[in-house]
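Asks: Structure for the following, please:
(one chain, ligands or ions: 1)
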Amino acid sequence: MIAAEPREAWVASPGGPLRGEVHVPGDKSVSHRAIMLAAIADGTSRIEGFLEGEDTLATARIFEKLGVRIEVPGASTRIVHGVGLDGLQAPTHPLDCGNAGTGMRLLAGLLSGQRFDSVLIGDGSLSRRPMRRVLDPLARMGASIAAHDGFPPLKIAGGKSLRGISYASDIASAQVKSAVLLAGLHAKGDTEVREPHPTRDYTERMLRAFGWPIEFSPGVARLSGGHRLRATDVSVPADFSSAAFFLVAACVIPGSDIVLRRVGMNPRRTGLLRVLRAMGAHVDIEAMGEQGGEAVADLHVRYAPLHGIDVPVDAVPDMIDEFPALFVAAACASGTTRVRGAAELRVKESDRIATMASGLRSLGIAVEETEDGAAIHGGPLRGGHVASHGDHRVAMAFAIAGQVCDGEVQVCDTANVATSFPAFDSLARSTGFALRES
Ligand code: S3P
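Replies: Below is the predicted model:
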């Protein structure tokens with residue numbers, strides 16, 4: 001069962017300057033995890049700042065199908081009546097994760113220790129994303145998950161007793177780490193995950209906030225089974241990855257001057273800031289504070305001419321979702337920007353190296369692709385047609401490109417923007433983008 005691919009399109013035209021304050025929606029990674037942990041906690045949790053995006057709504061719907069009552073007292077708020085670690089009910093139908101890799105991979109871990117069978121399905125894009133990276137460690141823990149040659153749907157057999165493992169992952173992936181840790185909640189003994197480069201640590205922090213004993217430091221996390229989660233309230237910060245589109249847009253649209261309010265600043269997410277600053281960007285971090293245990297800040301961004309750089313390989317995992325936006329910044333920069341060590345981009349919602357390279361080429365930018373990156377030669381952008389291949393972040397990146405072209409840019413297949421950033425287009429327009437539906 002594969003959901004129909006949604007199709008819509010935008011016309012982006014020369015616009016700006018961008019002005020004013022921008023409040024972007026809640027963090028997608030944190031919203032997924034908040035629903036998951038609240039659902040299997042003892043007691044009632046309140047989530048504020050929940051992302052009303054299709055990905056996270058899909059996760060919430062899945063837990064409702066697993067017998068969890070979730071109230072919606074107001075926009076971006078959820079009250080989750082947790083059923084406890086073993087309180088989920090067997091689903092009667094396949095569980096649809098939509099476009100969400102995070103939803104599917106984390107759920108694979110969480111459901112592999114349940115008493116009941118379950119099936120995880122997704123849309124066309126998710127059905128082409130590799131799952132072996134979670135299936136292999138979960139199988140070592142004793143899980144039984146059938147897939148089509150490593151791709152969804154995932155058929156999870158219930159009633160397996162899991163055992164803890166020590167897992168050295170060869171890819172830097174928070175989804176892999178989180179799937180193993182969530183399976184570890186139901187496992188006998190200790191579960192440890194080591195990563196080749198530290199990744200976002202929201203699962204670890206949130207497990208601790210829900211009272212599960214866990215040790216972690218950058219690149220390693222360790223927990224043992226046999227505890228319980230206690231309900232807690234979660235305040236979700238604004239998503240850095242959504243803020244990134246406004247950040248880059250303000251950097252490249254002459255005359256722009258905006259403030260992005262209360263943006264999540266987890267250091268495993270903010271690699272783009274480091275890279276844009278090295279390219280000459282003008283970004284001030286103001287009013288640094290804390291929200292729900294996460295660092296947040298206001299980002300004051302002003303236009304400044306950018307120059308190309310070699311993106312440091314060690315920054316890649318800290319900006320893994322920001323490459324579509326970075327490619328546009330690189331196209332607007334003088335000189336060449338080189339990206340290496342980013343092969344993971346090929347297995348995101350689309351092959352982001354290929355989709356960004358071909359889209360930029362059709363706007364007149366020279367891009368050389370490599371297996372694990374690209375060289376982007378900055379230059380004048382002209383109008384044209386680009387395909388987002390249903391990839392939300394690619395679509396939003398080309399909406400920025402349209403603001404600095406010498407003509408109109410048609411961006412096809414934009415409906416999936418709602419997976420992570422509902423109402424991006426109206427927020428963008430209110431900030432100064434010239435962007436309309438076609
Ligand atoms: C995420 C981890 C990253 C990221 C994705 C969200 C998460 O994926 O690209 O958007 O919430 O754990 P990988 O684990 O595949 O790097």
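Asks: so what's the nearest residue to residue 371 once chain neighbours are set aside up against?
Replies: Closest residue in space to residue 371, ignoring its immediate chain neighbours: residue 343 at 6.2 Å, by Cβ to Cβ, 6 or more residues apart in numbering. C-beta: built from backbone N, CA, C; applies to glycine. By Cβ atoms under 8 Å, 6 or more residues apart in numbering, the contact set of residue 343 is 371, 372, 373.
Asks: Please render those as JSON lines that adds pLDDT to the earlier fields.
Replies: Listed next are the contacts of residue 343 as JSON lines, based on pLDDT from 0 to 100:
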{"residue": "371", "pLDDT": "98"}
{"residue": "372", "pLDDT": "98"}
{"residue": "373", "pLDDT": "98"}
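Asks: Mark which of the residues you listed are part of strands, please.
Replies: Mapping the contacts of residue 343 onto strands (DSSP state E) picks out residue 373.
Asks: Out of the contacts of residue 343, who's the most crowded?
Replies: The residue in the contacts of residue 343 with the most neighbours, by other Cβ atoms under 10 Å, is residue 373 (22 neighbours).
Asks: quick one: it from residue 330, how far?
Replies: 11 Å (Cβ to Cβ, to the nearest Å).
Asks: And the strand or helix carrying residue 145, what does it pack against?
Replies: Here residue 145, judged by DSSP states H and E, is contained in strand 144-148. Here strand 144-148 touches helix 132-140, strand 151-157, going by 3 or more Cβ pairs under 8 Å, 6 or more residues apart in numbering; DSSP states H and E.
Asks: burial count for residue 194?
Replies: Residue 194: 13 neighbours (other Cβ under 10 Å).
Asks: per-residue confidence at it?
Replies: Residue 194 is assigned 98 on the pLDDT scale.
Asks: so what's it up against?
Replies: So residue 194 contacts 166, 167, 168, 169, 219, 220 (Cβ under 8 Å, 6+ apart).
Asks: Go ahead and build a PyMOL selection from the buried members of these.
Replies: Selecting only the buried entries of the contacts of residue 194 in PyMOL, with 16 or more other Cβ atoms under 10 Å as the criterion:
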select buried, resi 167+169+219
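Asks: For residue 350, see how far away residue 252 is.
Replies: Using Cβ to Cβ, residue 252 is found at 22 Å from residue 350.
Asks: Does the ligand have contacts with the helix or strand in which residue 105 is found?
Replies: According to DSSP H and E, residue 105 maps onto helix 101-111. Yes: counting by Cβ under 6 Å from any ligand atom, the ligand is contacted by helix 101-111 at residue 102.
Asks: what's that helix packed up against?
Replies: Judged by 3+ Cβ pairs under 8 Å, 6+ apart, helix 101-111 is in contact with helix 28-39, helix 54-65, strand 118-121, helix 132-140, strand 151-157, helix 174-185.
Asks: got the angle between that helix and helix 132-140?
Replies: Here the directions of helix 101-111 and helix 132-140 differ by 0 degrees (axes from the mean of the first three to the mean of the last three Cα atoms, to 10 degrees).
Asks: With just CA atoms, put helix 101-111 into PDB.
Replies: What follows is helix 101-111, C-alpha atoms only, in PDB (Å, rounded to 0.1, in the frame of the first residue of the first chain):
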ATOM      1  CA  GLY A 101      12.500   8.200   7.600                       C
ATOM      2  CA  THR A 102      12.800   9.200  11.300                       C
ATOM      3  CA  GLY A 103       9.300   7.800  12.000                       C
ATOM      4  CA  MET A 104      10.000   4.500  10.300                       C
ATOM      5  CA  ARG A 105      13.500   3.800  11.600                       C
ATOM      6  CA  LEU A 106      12.800   4.800  15.200                       C
ATOM      7  CA  LEU A 107       9.500   2.800  15.200                       C
ATOM      8  CA  ALA A 108      11.300  -0.200  13.900                       C
ATOM      9  CA  GLY A 109      13.400  -0.200  17.100                       C
ATOM     10  CA  LEU A 110      10.500   0.600  19.300                       C
ATOM     11  CA  LEU A 111       8.100  -2.000  17.900                       C
END
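Asks: And the helices in this structure?
Replies: Taking DSSP state H, the helices of the chain run over residues 28-39, 54-65, 101-111, 132-140, 174-185, 202-209, 240-252, 271-278, 323-332, 352-362, 392-403, 424-431.
Asks: now these in JSON lines, with mean neighbour count, distance to residue 305 and mean pLDDT?
Replies: JSON lines is the format used below for those (neighbours: other Cβ atoms under 10 Å; distance: least, Cβ to Cβ, whole Å; pLDDT from 0 to 100):
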{"stretch": "helix 28-39", "mean neighbour count": "28", "distance to residue 305": "32", "mean pLDDT": "98"}
{"stretch": "helix 54-65", "mean neighbour count": "22", "distance to residue 305": "35", "mean pLDDT": "98"}
{"stretch": "helix 101-111", "mean neighbour count": "26", "distance to residue 305": "36", "mean pLDDT": "98"}
{"stretch": "helix 132-140", "mean neighbour count": "19", "distance to residue 305": "40", "mean pLDDT": "98"}
{"stretch": "helix 174-185", "mean neighbour count": "27", "distance to residue 305": "34", "mean pLDDT": "98"}
{"stretch": "helix 202-209", "mean neighbour count": "22", "distance to residue 305": "35", "mean pLDDT": "98"}
{"stretch": "helix 240-252", "mean neighbour count": "28", "distance to residue 305": "9", "mean pLDDT": "98"}
{"stretch": "helix 271-278", "mean neighbour count": "21", "distance to residue 305": "12", "mean pLDDT": "98"}
{"stretch": "helix 323-332", "mean neighbour count": "28", "distance to residue 305": "9", "mean pLDDT": "98"}
{"stretch": "helix 352-362", "mean neighbour count": "22", "distance to residue 305": "19", "mean pLDDT": "98"}
{"stretch": "helix 392-403", "mean neighbour count": "29", "distance to residue 305": "16", "mean pLDDT": "98"}
{"stretch": "helix 424-431", "mean neighbour count": "18", "distance to residue 305": "21", "mean pLDDT": "98"}
